[in-house]
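Novice: Here is the input, now give the coordinates:
(one chain, ligands or ions: 1)
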Amino acid sequence: MKIKKAIFPVGGLGTRFLPATKSMPKEMLPIVDKPLIQYAVEEAANAGIEQFIFVTSRGKSAIENHFDHSFELENNLLLKGKKQTLASAQDMLKIPGSYAYVRQQEPAGLGHAIWCARHLIQNEPFAVILADDLIFGQSTMKNMIKNYKSGNMVAIMEVDQKQVSSYGIIGSHDYSSKLIEINQMIEKPSIQNSPSNLAIVGRYILDSSIFAILENQGQGSNQEIQLTDSICLQIGKVKCLGYQFEEERFDCGSKLGFLQANVAYALHRNDLHNDLSKWLKNLVE
Ligand code: G1P
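Specialist: Next up is the predicted model:
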């Protein structure tokens with residue numbers, strides 16, 4: 001199945017990273033030298049996505065600028081003959097019209113953010129990627145699309161029992177395979193109410209019928225319109241699968257996850273591996 005469009009909800013306030021994110025979008029925080037949102041867009045492109053839809057909010061214009069020309073910078077690098085650096089400043093330029101931006105006027109929840117993009121999606125399944133959830137290898141969406149036939153699909157991973165209340169959690173009759181048929185979903189359940197310890201991670205492929213459900217979705221957890229609640233309402237009518245991915249995932253919405261991602265990604269880089277690992281060894285000894 002060909003999925004052509006991906007939605008990137010980037011309207012969140014980023015309060016967990018204040019003061020860094022007071023005037024800068026949290027999605028622009030770098031992992032080594034690349035902003036989180038670029039990893040998300042690269043993963044989508046790697047999965048064959050051709051149209052990139054950002055649900056933004058006030059104060060997020062740095063994201064639009066990042067995926068556009070920076071004439072002064074590019075001209076300067078060109079004049080100085082810095083070809084490689086120039087290429088890194090230009091590698092996210094896509095054919096005109098590939099990037100679209102729609103505003104979420106208030107931070108009313110992930111479900112509301114997705115609903116804000118409804119006019120840009122026709123009768124077609126589409127992807128959703130949350131940039132905060134950085135998954136190593138940037139191939140998770142590609143693998144999900146490979147396994148997708150119809151309905152809704154979410155990426156899932158095991159989390160510690162104590163962490164279930166931070167996630168959307170799924171339930172199933174059969175947990176034995178990599179693709180699980182989901183029969184229950186709860187957004188941020190208590191440990192007692194949690195159907196399992198399998199959490200939804202920020203990768204979705206959704207049937208466009210979700211928009212009609214989101215339209216009438218009331219507030220859920222945290223007084224927000226939750227995407228999980230709408231996907232859950234469709235269970236029984238629209239098949240929902242959970243895809244257990246194998247790659248390492250970093251929760252870059254948390255300070256610890258963000259720091260771990262920076263160290264892990266830097267250690268994978270040829271230009272940084274030796275010096276950084278030497279320094280880390282000294283630090284812990
Ligand atoms: C969102 C989703 C949640 C999911 C999580 C993954 O929550 O609502 O279902 O488990 O992303 O990161 P948030 O982290 O925005 O509160």
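
Novice: From now on I want contacts and neighbour counts done on CA atoms only, so please keep to that.
Specialist: Noted.

Novice: dump the residue contacts of Ala199.
Specialist: Counting by Cα atoms under 8 Å, 6 or more residues apart in numbering, Ala199 touches 156-159, 164, 167-170.

Novice: Quick check: buried residues in stretch 104-116?
Specialist: By 16 or more other Cα atoms under 10 Å, the buried positions in stretch 104-116 come out as 104, 108-116.

Novice: Okay, buried residues for stretch 16-35 please.
Specialist: By neighbour count on 16+ other Cα under 10 Å, the buried set for stretch 16-35 is 21, 24-32, 35.

Novice: Name the residues that touch that stretch?
Specialist: 10, 13-15, 36-37, 59-60, 62-63, 131-132, 253-255, 258, 261-262, 265-266.

Novice: next one: stretch 171-190
Specialist: 164-170, 194-196, 198, 221, 226, 228-229, 232, 235-236, 239-245.

Novice: near the ligand, which of the residues you listed show up?
Specialist: Contacts with the ligand within the contacts of stretch 171-190, as defined by Cα under 6 Å from any ligand atom: 167-168, 228.

Novice: before we move on, the earlier item: drop anything exposed from the contacts of stretch 171-190.
Specialist: Among these, the ones that count as buried by 16+ other Cα under 10 Å are 164-165, 167-170, 194-196, 198, 226, 228-229, 232, 235, 239-245.

Novice: circling back: which of the contacts of stretch 171-190 fall within helices?
Specialist: Residues of these located in helices (DSSP state H): 228-229, 232.

Novice: wait, which of those is closest to the ligand?
Specialist: Thr228 (5.6 Å; Cα to the nearest ligand atom).

Novice: Just list the residues touching the closest one, thanks.
Specialist: Neighbouring residues of Thr228 by Cα under 8 Å, 6+ apart: 111, 168, 185-187.

Novice: go again using 6 Å as the cut-off
Specialist: Contact analysis of Thr228 by Cα atoms under 6 Å, 6 or more residues apart in numbering lists Glu187.

Novice: so what pLDDT did it get?
Specialist: Among the per-residue scores, Thr228 holds a pLDDT of 98.

Novice: Same check on Thr56?
Specialist: pLDDT, Thr56: 97.

Novice: Pull out the buried residues from stretch 207-216.
Specialist: Per 16+ other Cα under 10 Å, stretch 207-216 contains these buried residues: 207-211, 213-214.

Novice: at contact distance from the ligand, anything in it?
Specialist: No. For stretch 207-216, no contact with the ligand is found by Cα under 6 Å from any ligand atom; the gap never falls below 13.5 Å.

Novice: So for that stretch, mean pLDDT?
Specialist: Across stretch 207-216, pLDDT averages out at 97.

Novice: How about residues contacting it?
Specialist: Contact partners of stretch 207-216, identified using Cα under 6 Å, 6+ apart, comprise 115, 123-125, 151-152, 230.

Novice: end-to-end on that stretch?
Specialist: Stretch 207-216 has an end-to-end distance of 16 Å (Cα to Cα, to the nearest Å).

Novice: Just list whatever residues bridge to Leu241.
Specialist: Bridge pairing for Leu241 (DSSP bridges) gives the partners Met153, Glu181.

Novice: so how far is the least confident helix or strand in the chain by mean pLDDT from its chain's centroid?
Specialist: When the helices and strands of the chain are compared on mean pLDDT, DSSP states H and E, helix 83-90 comes out lowest with a mean of 92. Here helix 83-90 is found 25 Å from its chain centre; the criterion is Cα atoms, centre = their mean, to the nearest Å.

Novice: Skip ahead from it and say which helix or strand is next.
Specialist: strand 99-103 (DSSP states H and E).

Novice: where does Gly12 land on pLDDT?
Specialist: 89.

Novice: same thing with the one 4 residues further on?
Specialist: In the prediction, the pLDDT value recorded for Arg16 is 92.

Novice: Confirm it sits in a strand?
Specialist: No. Applying DSSP: H, G, I helix; E, B strand; the rest coil, one finds Arg16 to be helix, outside a strand.

Novice: Check the gap between it and Val263 for me.
Specialist: In this view, Arg16 and Val263 are 20 Å apart by Cα to Cα.
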